[in-house]
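In: What follows is a predicted structure for the sequence shown.
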Amino acid sequence: MSTYQVFYHTACKGFYGRALAAVQMLEEAGKPYECKEAGDFTAKAFAPPMIETPAGAKCGQTTAIAIVLGQELGYSPSDPAAFAKACQLVADSSDLFSDVSGGKDDERIKKWLQHFEDNLSGKFFCGDSLSFADFNCFMIFTGVSQMKAALMGGYPKVNAWIETMRALPSSEKLKATGVPFVPESMGGW
């Protein structure tokens, strides 16, 4: 197999949702990929998204997918400290999304937003180069920035980073497909 495969609801034709980070990394790296229905995945995973790579990796869970694709596509920091930071941030972003979607109070969400603000050490989360943390966090912040728009103004580094991520060729290409991040009933892009 020479093509990456991403397995998700509607084969990513109705919305990208939690497959956005994987698809965006593949687009940015210029790698061939196919989006398939979740039921076509042949390995074991609890829920989509899932991936299968030309190197033989098969996994689910957005955090694991980000790390695996980061390593295969060159978006994994080579420095052990930066790699550890990237791993922490993808887990942190999942926790942030759980807190936002779970209705946690705004004070807790502001603590998370400040945490991400404080972790932007350059143009991207691990310095001046894109990492898997940026793609995974962008997927999360695409939703969080809509759901908590009223809170976003106090975090200029996070907002500048979001704009940088939106301007990536991969973001532009995916947006041009007309497929929203989430269904229109949930806010679209």
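Out: Right, received. Where do you want to start? Numbering: from 1, shown residues only.
In: drop to CA atoms for contacts and neighbour counts, all remaining ones
Out: Fine.
In: what's near enough to touch the residue nearest to the spatial centre of the chain?
Out: For the chain, Asn136 is the residue whose C-alpha lies nearest the centre (CA atoms, centre = their mean; 2.5 Å). Shown in contact with Asn136 (CA atoms under 8 Å, 6 or more residues apart in numbering): Ala21, Thr62, Thr63, Ala66, Val90, Ser93.
In: any chance of those residues in TSV, with neighbour count too?
Out: Below are the contacts of Asn136 laid out as TSV (neighbours: other CA atoms under 10 Å):
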residue	neighbour count
Ala21	25
Thr62	23
Thr63	21
Ala66	28
Val90	24
Ser93	23
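In: Identify those among those that sit within helices.
Out: Judged by DSSP state H, the contacts of Asn136 include Ala21, Thr62, Thr63, Ala66, Val90, Ser93 as members of helices.
In: pLDDT value on the fourth one, please?
Out: What it means is Ala66. You'll see Ala66 listed with a pLDDT of 97.
In: With the third one instead?
Out: According to the predicted model, the pLDDT of Thr63 comes to 95.
In: which residues does it contact?
Out: Applying CA under 8 Å, 6+ apart to Thr63 gives the contacts Cys87, Val90, Ala91, Ser94, Asn136.
In: hmm, 6 Å instead?
Out: Applying CA atoms under 6 Å, 6 or more residues apart in numbering, one finds that Thr63 lies in contact with Val90.
In: Check the gap between it and Val90 for me.
Out: Distance, Thr63 to Val90, by CA to CA, to the nearest Å: 6 Å.
In: Next: Asp134.
Out: When distance is defined by CA to CA, Asp134 is 8 Å away from Val90.
In: How about Leu20?
Out: Leu20 sits 14 Å away from Val90, taking CA to CA as the criterion.
In: where's the residue nearest to the centre of the chain, which helix or strand?
Out: Per DSSP states H and E: Asn136 is located in helix 132-147.
In: how distant is the very next helix or strand once past that helix from the center of its chain?
Out: Counting by DSSP H and E, the element after helix 132-147 in chain order, helix or strand, is helix 156-166. Put simply, helix 156-166 sits 14 Å off its chain's centre (CA atoms, centre = their mean, to the nearest Å).
In: got the angle for helix 156-166 vs helix 132-147?
Out: Taking axes from the mean of the first three to the mean of the last three CA atoms, to 10 degrees, one finds that helix 156-166 is oriented at 110 degrees with respect to helix 132-147.
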